[in-house]
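Visitor: Pasted the sequence and its predicted model underneath.
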Amino acid sequence: MTQVVQTDTLVPGSEHQLGTIPVLSVSAGNETYGFPLPAIREILMPPPLTPVPRAPEHFLGVISVRGQVITLVDLPKLLRLEVHERQTIGRVLLVDSGEELIGVAVDRVVQVSQLRPEQIEYASAMSAELSEYIVGVARVPSESSTDPEEMVILIDPGALLGGLK
Amino acid sequence: MSDPRDNVQQEFLAEAQELVEALSRDLLLLDEAHQRGERVDSALVNEIFRSVHTLKGIAGMFGYKHVGTIAHALEDLLDDLRLGRTIVGDPLLDVLFDSVERFQRLLALEDPQAPEEKSGVDAYVAAVRSIGAQPATEDGDPLEQYAIGSAVLSVLTEYEEHRLRACIREGMKLYRLRATFDLAAIDDSIETLRDVIHDDAEIITYLPSLEGGNDESIELVVLLASHVPEAELKAYFEGRYGTIEVIEERAPLPTNPPNPTLIPPDTRSELPPSDDDWGQASLRSLANSVRVDIRKLDDLMNVVGELALVRGAVSRVVESFAADPKHRQSLQELDRVGRGFERQLSELRMRILDVRMVPLGQVFSKFARIVRQAAREHDKQVRLVVTGANTEMDKLIVEELADPLMHLVRNAIDHGIEPVDARMRLAKPAEGTLALNAYHKGSNVVIEVEDDGCGMNAHKLRETAVARGLLTAEAGHDLTRQDMLNLVFLPGFSTNTSVTDMSGRGVGMDVVKTNILRMGGVVSIASEHGIGTKITVTLPITLAIIRALIVTVGSRPFALPIAAVREAVPYSPKDVRSIQGRKVVTMRGETLPICDLARLFGLQPRGRQAGRFVIVCAMGTRELGFVVDELVGQEDVITKSLGKTLSSVRGFAGAADLGDQRLALVLDAPALFTEYFEGAGAQLGAETHA
Amino acid sequence: MAFHTLIVDDSSAVRAFVRVSLEDADFARVQEAETGFEALQLLASHSFDVVIVDVNMPDINGLELLAFMKKSPRQQGTCKILISTAVDGLDAQRGAELGADALLEKPFEVEELRELIRSLLDPVAEVSG
């Protein structure tokens, strides 16, 4: 049973509210994904993209950010959740995977939430077929008029790098 | 008003640093010559004197008291040396070498007058002064016998007078060469004259004369001393340079037998023989260099980046006007100007990038001193051979490399090369060889540190690892020989006591490996017990600039390193034939296999087939033509790594920044060759679009 | 009135120091030469009010430059200052004999240099006033 998160207790930008995990949620394709906020280095307007021929499909290519060459990834394709072609990239997240910065192409940034651990359903508790990049899922209050809540798929940035090799 | 000295402080430090480095290099040459038992090159000693003398002067001006004190003591010692009052010996050389580190330390201090340094400085000065001068053997002043003229004598410095006397004592004759030089080109002309003369004569001084010459030229009287017969000198110089006349002796000379060894050939080029004479090359290149603060370069690059954005903004404004026909002509003009701007911007970018490149020789030259020192410490004889010192890399990487490479060099001397008697017993030459090699390989720079010492015993390494608890005995059994060698890279493998570096830190191969990995490189070891060891460091050319041919394939830009490219020829579809399922073209009677990159990469080639190009590349004995859509041009580019995630994609060495955030993928020619001739890609690329 | 100065010294730090010391209103024009050869080039095409020369330079030393300037018609009115490390040394003595107007001993202070030049030039300024 999920609890309703009291939004008025959330302080924007605070990372140390007792016991909560700050998460940035973004939408890509039909899904909403969440990243631990400390792992997000930057959010950029999409720079020119250079596709890399013969690279696996989930790689959109490489981009140049202040002289650094960064790989750009399409999450839905990586997670094999969707197959339809991406139209345009709304924003690029620079995610620190622990060893290297990786660019993640998203449609838009949704919000920052402070999640309490009990809001998260960890992947281990779920079906084993789920991708190894996924930490779990969480339900957060949504801005949408149709749903009071939405499901956010939580991504493990460290696993992201491992899986991409 | 602020003290002008503050502004100029940086200038002082830079010049002081250069002087100390020059001192270090020259001391090595002096030492080399001394070890070989050669006569001392007076020009070299004078150079060393000058470095110290200048250092003393500027240290005094800028308040670096301790540096000045040491320099003063050394100056006196060196003056004795150059004026013949003392001779070169090991104690003298040791004390001179010691000064280099002292200077570097003192120059790095926050407080240049730090009182706590005084005792160390005083002790050192005492050591310097204890190297006594020998009483000079005076046998009359030879100058009196020559009709040199007081006008000339009065403008000679004490040192020049001394050289004059020394030459006369050796039985050389004195000459005056009168030559007129073009003022605008005088530096080059003097350089040429020096090169021409240097083996045969010593130039005492140049006297500017008011005779001859005009506003654009000047006559110089060059005072020379030489053993070469007068007739020969006359034959060479007259007409070519001007007139040459002997300076007559006043009275018959008591014959001083000429010193049996002539002035030795310029010993500067004799530092470690190698195939590219790095001693000479690096000295020269450093003389042409300009000191640059690398932070300023970064700032400059930021400005260039901003300029690129401005250019982009201007283009957008232009576009917004484009719709209106009334503005067409102005717009064309603006467009032209804009393209000119773009060219200049690109040029600027490349030039700034180029300034960051330094030859590896810069780092290698520091090692010569360390090798000498380490060899002396352990009573071993080591010869340092360097190749590829001209290989250039980004200055920051080179600086990062200095430490790990130094550890490898010290290891090779401390543990690799055996003491003289051990080597002789093994029928090895008494002198061990330590080789430093650097070269480009594909998209990497390879640096090797190789010694012909005792090598490593793989099995012993395994025992040690197990004994230290780094490895279980069972795991040890599964190891291949190479695995056993790689054990040295394990943390905790080397004992700190046996390997130390200049700053006293204990260091192990694991630290070296970590540092190299951090730079994106790899390090590997090869060794044969009793024969030697070779450590190979491979660094991706991240931040290394290469010249590349920019082409488009499927309207996207790609960069092909020029090193692989032989030529580019127009592609005509009608020349394409098929041999055993592969497409080829005939060029100058030979068959050239071709690989259509558009096809290989799954891209749509440009509309027309004609108008495409074939870039003919060669790797070893094989040739392959890559078919591309357009030739854009040549550019110097920095290849940046694609990152771990994309490294498995075949055919790309990295990505190059073309400016304004546009990237061109850099093709990995060796990989493409391998793929074509040996892999599955052979089928794909071998067919071209019809 | 801006005096035109030439500093000839093979040390870039010293040249920079002199330049910075002198670049105020009166001495705004300071040119540098690293070698005697460069100095000859500049002397052929310019007239200087002050020439500061270091005695110890390779090839064409300061003394030779002084001798040249003494005889050169163009440099007759030029004030010549010789920098040396010991004003009572042999080299400095020869400098005096060759017409140096003043000897400056290294190391010197900013004010020393400025004072020296002013005292040498004032008579000149009055005459051409």
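Guide: Looks like it came in fine.

Visitor: Could you use CA atoms for every contact and neighbour count after this?
Guide: Fine.

Visitor: which helices and strands sit right next to the helix or strand harbouring residue B:206?
Guide: Element membership for residue B:206 (DSSP states H and E) is strand B:201-209. Judged by 3 or more C-alpha pairs under 8 Å, 6 or more residues apart in numbering or on different chains; DSSP states H and E, strand B:201-209 is in contact with helix B:158-169, strand B:217-226, helix C:62-71.

Visitor: ok, residues contacting that strand?
Guide: Contact with strand B:201-209 is made by B:156, B:160, B:163-164, B:218-228, C:59-60, C:64-65, C:68, as judged by C-alpha atoms under 8 Å, 6 or more residues apart in numbering or on different chains.

Visitor: ok so, going back, any chance of CSV for the helices and strands packed on strand B:201-209, columns mean neighbour count and distance to residue A:148?
Guide: Listed next are these as CSV, based on neighbours: other C-alpha atoms under 10 Å in any protein chain shown; distance: least, C-alpha to C-alpha, whole Å:
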stretch, mean neighbour count, distance to residue A:148
helix B:158-169, 19, 94
strand B:217-226, 22, 92
helix C:62-71, 23, 90
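
Visitor: Which among the ones you listed is found nearest to residue B:657?
Guide: Among those, strand B:217-226 comes nearest to residue B:657, with 49.1 Å by C-alpha to C-alpha.

Visitor: CA-only coordinates of the helix or strand that that closest one is followed by in PDB, if you can.
Guide: From strand B:217-226 onward toward the C-terminus, using DSSP H and E, the following helix or strand is helix B:230-237. C-alpha atoms of helix B:230-237 as PDB (Å, rounded to 0.1, in the frame of the first residue of the first chain):
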ATOM      1  CA  GLU B 230      96.900  30.600 -43.700                       C
ATOM      2  CA  ALA B 231      96.700  29.900 -47.400                       C
ATOM      3  CA  GLU B 232      93.700  27.600 -46.900                       C
ATOM      4  CA  LEU B 233      91.800  30.100 -44.800                       C
ATOM      5  CA  LYS B 234      92.500  32.800 -47.300                       C
ATOM      6  CA  ALA B 235      91.300  30.600 -50.100                       C
ATOM      7  CA  TYR B 236      88.100  29.800 -48.300                       C
ATOM      8  CA  PHE B 237      87.100  33.200 -47.000                       C
END
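
Visitor: Would you mark the buried spots in the next helix or strand after helix B:230-237?
Guide: Next helix or strand after helix B:230-237 toward the C-terminus (DSSP H and E): strand B:242-246. Within strand B:242-246, the residues that count as buried by 16 or more other C-alpha atoms under 10 Å in any protein chain shown are B:242, B:244, B:246.

Visitor: From what I see, residue A:150 and residue A:111 are in contact.
Guide: No - judged on C-alpha atoms under 8 Å, residue A:150 makes no contact with residue A:111 at a distance of 11.9 Å.

Visitor: quick one: the helices in chain C?
Guide: All helices of chain C, identified by DSSP state H, fall at C:12-22, C:36-45, C:62-71, C:90-97, C:110-128.

Visitor: I'd like these laid out as CSV, including mean pLDDT and distance to residue B:401.
Guide: Putting those into CSV (pLDDT from 0 to 100; distance: least, C-alpha to C-alpha, whole Å) gives the following:
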stretch, mean pLDDT, distance to residue B:401
helix C:12-22, 87, 30
helix C:36-45, 87, 39
helix C:62-71, 87, 43
helix C:90-97, 79, 47
helix C:110-128, 70, 42
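
Visitor: for chain B, where's the lowest mean pLDDT among helices and strands?
Guide: helix B:278-287 (a mean of 31; mean pLDDT, DSSP states H and E).

Visitor: and if you look at chain A?
Guide: Sorted by mean pLDDT, DSSP H and E, the helices and strands of chain A bottom out at helix A:157-164, which shows a mean of 69.

Visitor: In which helix or strand does residue 76 reside?
Guide: Went with chain A since none was named. In this assignment (DSSP H and E), residue A:76 forms part of helix A:75-78.

Visitor: Hmm, no, I was thinking of chain B.
Guide: Using DSSP H and E, residue B:76 sits in helix B:65-82.

Visitor: any idea of the angle that helix forms with helix B:158-169?
Guide: Angle of helix B:65-82 versus helix B:158-169, following axes from the mean of the first three to the mean of the last three C-alpha atoms, to 10 degrees, is 20 degrees.

Visitor: can you list contacts of helix B:65-82?
Guide: With contact meaning C-alpha under 8 Å, 6+ apart, helix B:65-82 is reached by B:42, B:45-46, B:48-49, B:52-53, B:55-57, B:59-60, B:86-88, B:96, B:99, B:103, B:106-107, B:112-113, B:117-118, B:121, B:124-125, B:128-129, B:131, B:133, B:159.

Visitor: Same question for stretch B:479-487.
Guide: By C-alpha under 8 Å, 6+ apart, the residues outside stretch B:479-487 that reach it are B:456, B:458-459, B:461-462, B:465, B:493, B:524-527.

Visitor: Now, of these, which are buried?
Guide: Using 16+ other C-alpha under 10 Å as the burial test, the contacts of stretch B:479-487 include B:456, B:458, B:461-462, B:465, B:493, B:525, B:527 as buried.

Visitor: mind listing which of those residues are in helices?
Guide: Mapping these onto helices (DSSP H) picks out B:458, B:461-462, B:465.

Visitor: Quick one: residues contacting the residue nearest to the spatial centre of chain C.
Guide: Central residue of chain C (C-alpha atoms, centre = their mean): residue C:52, 1.3 Å from the mean position. Residue C:52 sits next to C:5-8, C:80-83 when contact means C-alpha under 8 Å, 6+ apart.

Visitor: Which one of those sits in the busiest neighbourhood?
Guide: Greatest neighbour count in those, by other C-alpha atoms under 10 Å in any protein chain shown, goes to residue C:8: 29 neighbours.

Visitor: What's the separation between that one and chain A?
Guide: 44 Å (C-alpha to the nearest C-alpha, to the nearest Å).

Visitor: quick one, what contacts residue 91?
Guide: Here I'm looking at chain A. Residues near residue A:91 by C-alpha under 8 Å, 6+ apart: A:43-46, A:105-109.

Visitor: should've been chain C
Guide: With C-alpha under 8 Å, 6+ apart, residue C:91 has these contacts: B:157-158, C:55, C:63, C:84.

Visitor: can you rerun that using 7 Å?
Guide: By C-alpha atoms under 7 Å, 6 or more residues apart in numbering or on different chains, residue C:91 lies in contact with B:157-158.

Visitor: same check, this time on residue B:489
Guide: Neighbour list for residue B:489: B:509-510, B:513 [criterion: C-alpha under 7 Å, 6+ apart].

Visitor: quick check, nearest of those residues to chain C?
Guide: Chain C has its nearest neighbour among the contacts of residue B:489 in residue B:513, at 40.6 Å by C-alpha to the nearest C-alpha.

Visitor: what about that closest one, neighbour count?
Guide: By other C-alpha under 10 Å, 21 other residues sit near residue B:513.

Visitor: Share the number of residues neighbouring residue 34, please.
Guide: This is for chain A. Residues contacting residue A:34 under the criterion other C-alpha under 10 Å number 27.

Visitor: To clarify, I was referring to chain C.
Guide: Neighbourhood size, residue C:34 [other C-alpha under 10 Å]: 15.

Visitor: residues touching the closest residue to it other than its chain neighbours, list them.
Guide: Excluding the flanking residues, the one nearest residue C:34 by C-alpha to C-alpha, 6 or more residues apart in numbering or on different chains is residue C:10, at 4.6 Å. Shown in contact with residue C:10 (C-alpha under 7 Å, 6+ apart): C:34-35, C:57.

Visitor: Secondary structure element for residue A:139, which one?
Guide: According to DSSP H and E, residue A:139 maps onto strand A:134-141.

Visitor: same check, this time on residue B:560
Guide: Using DSSP H and E, residue B:560 falls in strand B:556-561.

Visitor: and the residue nearest to residue B:515 when sequence neighbours are not counted, which of the three is it?
Guide: Using C-alpha to C-alpha, 6+ apart and skipping the chain neighbours, the partner closest in space to residue B:515 is residue B:404 (7.0 Å). Under DSSP: H, G, I helix; E, B strand; the rest coil, residue B:404 falls in the helix class.
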